[in-house]
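>>> below is the structure, and that's it, no one-letter string:
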């Protein structure tokens, strides 16, 4: 069995899906993982590149996986979509994330700290209030 070099992780509410590939891109494993066992699973894996689609939750998981020693890369969902080969499901998404992460020209999103996410939340909330105020004034 060959060594895992890249893991594509599709995150969800309760059940995640991990797709592991070796350096040549061949599938090593494809596995469903329950949320409470994700960190246990990655602690048992050799240090490797872990790729996720960028979203609010992926920054949390990225920080946790980096604490375990993995290299984490977040990909914008629009960059992953062209790599989905068949019907959209968790396994196909995890495979597409893994394949997209192995591309040499792929661009990634930086993992945000908790402070960066908190300040972005404040900014977006203020922006929403300003837009709602403008809508109300225009409606009157």
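Looks like it came in fine. Since this is a predicted model, take the numbers as computed values, not measurements.
>>> all strands of this structure, in order?
For the chain, the strands defined by DSSP state E cover 6-10, 15-21, 27-34, 49-53, 71-75.
>>> show residues contacting the fourth one.
Read that as strand 49-53. By C-beta atoms under 8 Å, 6 or more residues apart in numbering, the list of residues contacting strand 49-53 from outside reads 5-11, 42, 58, 61-62, 65, 70-77, 80, 93, 97-98, 100-101. For the C-beta atoms, the positions are set from N, CA and C on the backbone; glycine is no exception.
>>> one more time with 6 Å
Strand 49-53 is contacted by residues 6-9, 58, 65, 70-75, 77, 80, 97, 101 when judged by C-beta atoms under 6 Å, 6 or more residues apart in numbering.
>>> ditto for the longest one
Defining contact as C-beta under 6 Å, 6+ apart, one finds that strand 27-34 is touched by 4, 15, 16, 17, 18, 19, 20, 21, 22, 41, 91.
>>> so the residue nearest the centre of the chain bridges to which residues?
Note on the chain: the residue nearest the mean C-alpha position is residue 52, at 2.2 Å, using C-alpha atoms, centre = their mean. Judged by DSSP bridges, the bridge partners of residue 52 are residue 9, residue 74.
>>> can you read off the pLDDT for it?
You'll see residue 52 listed with a pLDDT of 95.
>>> can you give me the helices for the chain?
Assigned by DSSP state H, the helices in the chain fall at 38-44, 56-67, 77-80, 90-101, 114-139.
>>> what about residue 138, distance to residue 71?
For residue 138, the distance to residue 71 (C-beta to C-beta, to the nearest Å) stands at 48 Å.
>>> tell me which of those two has more neighbours.
More neighbours sit around residue 71 than around the other of residue 138 and residue 71, counting by other C-beta atoms under 10 Å; the figures are 12 against 7.
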